[in-house]
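J.: dropping a prediction and its sequence here:
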Amino acid sequence: MKIPFTKYQGLGNDFILIDNRHSPEPLITAEMAVAMCDRHFGIGADGVIFALPGQAATDYTMRIFNSDGSEPEMCGNGIRCLAQFIARLEANNTIGRTYRIHTLAGTIIPRLEANEQVTVDMGPPQLLGSEIPTTLVKGSEKVLAVPLEVEGKDWLVTCVSMGNPHCVTFVDDLASIPLETIGPKFEHHPVFPQRTNVEFVEVVAPDYMKMRVWERGAGITLACGTGACAVVVAALLTGKCDRRCTVELPGGCLQIHWSDTDNRVYMTGPAKAVFEGIYLV
Ligand SMILES: N[C@@H](CCC[C@H](N)C(=O)O)C(=O)O
């Protein structure tokens with residue numbers, strides 16, 4: 001079996017994009033996605049993304065497998081890559097073009113900008129315990145600076161769902177966080193029944209934050225778009241930042257705006273094709 005693909009990256013969060021427009025089912029299984037994502041024995045990526053036919057009055061459907069084979073609801077950097085991929089497949093990259101994309105987190109709308117930038121209407125954040133989901137608080141309560149014990153220490157966490165779960169912790173010294181060891185402890189903590197993405201954040205100024213991320217199903221990555229959105233929501237809710245904020249990740253910066261007029265979060269950042277190839281199964 002030969003599988004044509006295009007490799008994309010958004011701030012170093014990298015994905016294998018597959019043209020799946022002919023079928024509503026992904027061309028490959030979760031197990032094959034794990035093999036393709038392997039950085040030594042495969043193509044190497046943080047996930048595999050499929051451009052499927054639209055449903056429920058959308059133009060396309062996005063599905064994604066993390067590098068461990070699990071299927072998340074949404075991916076912020078990935079949907080910017082998908083928008084560029086669709087523009088390439090349709091041979092139409094008109095600036096200002098929007099696509100309605102069906103995802104497991106609802107309809108998400110990316111818009112092509114100049115210079116390989118994409119702005120995405122990421123929808124409203126979800127804040128209740130039952131929506132994250134987490135058992136840290138009652139289902140009808142928000143999780144704002146709630147203590148969570150990990151490795152013998154109480155961390156004050158704020159949880160936000162951008163369709164997928166995020167657990168955000170503000171720290172004084174980002175560089176000192178042992179992400180590799182504590183990231184998985186947060187991800188698999190029993191209070192998160194569907195596991196969680198984990199963000200550590202240092203507030204530099206009300207309009208500038210630095211973050212590092214441990215992703216559910218992928219581990220340490222260079223960037224996480226849904227994570228950057230969740231961080232701005234968490235920071236605003238706890239009085240730490242403005243509605244418009246630059247979020248600096250190891251792979252570069254995202255511009256995030258949580259609008260007070262429509263309660264939706266808007267994310268702008270780059271997405272770039274890197275190479276094309278054929279994967280041999
Ligand atoms: N890197 C992504 C998020 C991908 C999904 C995540 N690992 C999960 O399981 O929720 C992003 O840019 O948002």
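T.: Sure thing, it's come through.
J.: drop to CA atoms for contacts and neighbour counts, all remaining ones
T.: Fine.
J.: which ones are touching Q255?
T.: Counting by CA atoms under 8 Å, 6 or more residues apart in numbering, Q255 touches 244-247, 267-269.
J.: tell me the contacts of G251?
T.: 11-13, 222-223.
J.: hmm, I typed the wrong one, I wanted I3.
T.: I3 makes contact with 278-281, according to CA under 8 Å, 6+ apart.
J.: in terms of helices and strands, where is it?
T.: strand 2-10 (DSSP states H and E).
J.: next SSE downstream of that strand?
T.: strand 13-19.
J.: show the residue spans covered by the helices in this structure.
T.: Remark: helices assigned in the chain by DSSP state H are 30-37, 76-89, 179-187, 225-237.
J.: ok, which of the ones you listed comes nearest V203?
T.: helix 225-237 (8.5 Å; CA to CA).
J.: show me what counts as buried in the closest one.
T.: Buried residues in helix 225-237, counted by 16 or more other CA atoms under 10 Å: 225-236.
J.: contacts for it, please.
T.: By CA under 8 Å, 6+ apart, helix 225-237 touches 74-77, 125, 144, 158-162, 164, 166, 168, 197-199, 201, 211, 213, 241-243, 245, 247, 254, 256-258, 265-267.
J.: still on that earlier bit, ranking by neighbours, what's the top pick from the contacts of G251?
T.: A223 (29 neighbours; other CA atoms under 10 Å).
J.: which ones are touching it?
T.: Neighbours of A223 in contact, by CA under 8 Å, 6+ apart: 10-13, 77, 212-213, 249-252.
J.: go again with 10 Å.
T.: 9-14, 76-77, 211-215, 247-254 (CA atoms under 10 Å, 6 or more residues apart in numbering).
J.: next, give phi and psi for it.
T.: phi -170, psi 160 (degrees, to the nearest 10).
J.: any residues of the stretch 1-150 of the chain in contact with the ligand? List them.
T.: 66, 72, 74-78 (CA under 6 Å from any ligand atom).
J.: contact partners for I95?
T.: 111-118 are the contacts of I95 under CA under 10 Å, 6+ apart.
J.: can you tell me which of the residues you listed end up in strands?
T.: 111-112, 117-118 (DSSP state E).
J.: which one of those residues is nearest to the ligand?
T.: The ligand lies nearest to V118 out of these, by CA to the nearest ligand atom, at 12.9 Å.
J.: tell me how many other residues surround the closest one.
T.: 27.
J.: for the closest residue to E215 other than its chain neighbours, give me its contacts.
T.: Closest residue to E215 apart from its sequence neighbours, by CA to CA, 6 or more residues apart in numbering: N197 at 4.6 Å. By CA under 10 Å, 6+ apart, the residues touching N197 are 159-161, 164-168, 183-184, 186-188, 213-219, 224, 226-227.
J.: near the ligand, from the residues you listed?
T.: Applying CA under 6 Å from any ligand atom to those, those adjacent to the ligand are 164, 215-218, 224, 226-227.
J.: highest neighbour count among the residues you listed?
T.: G227 (31 neighbours).
J.: the stretch 51-200 of the chain: strands as residue ranges?
T.: In the stretch 51-200 of the chain, the strands defined using DSSP state E, counting those that start in this stretch lie at 60-66, 101-103, 106-112, 117-121, 146-150, 153-161, 165-170, 197-205.
J.: by contact count, what packs against the first one?
T.: When contacts are defined as 3 or more CA pairs under 10 Å, 6 or more residues apart in numbering; DSSP states H and E, strand 60-66 packs onto strand 13-19, helix 30-37, strand 47-53, helix 76-89, strand 101-103, strand 106-112.
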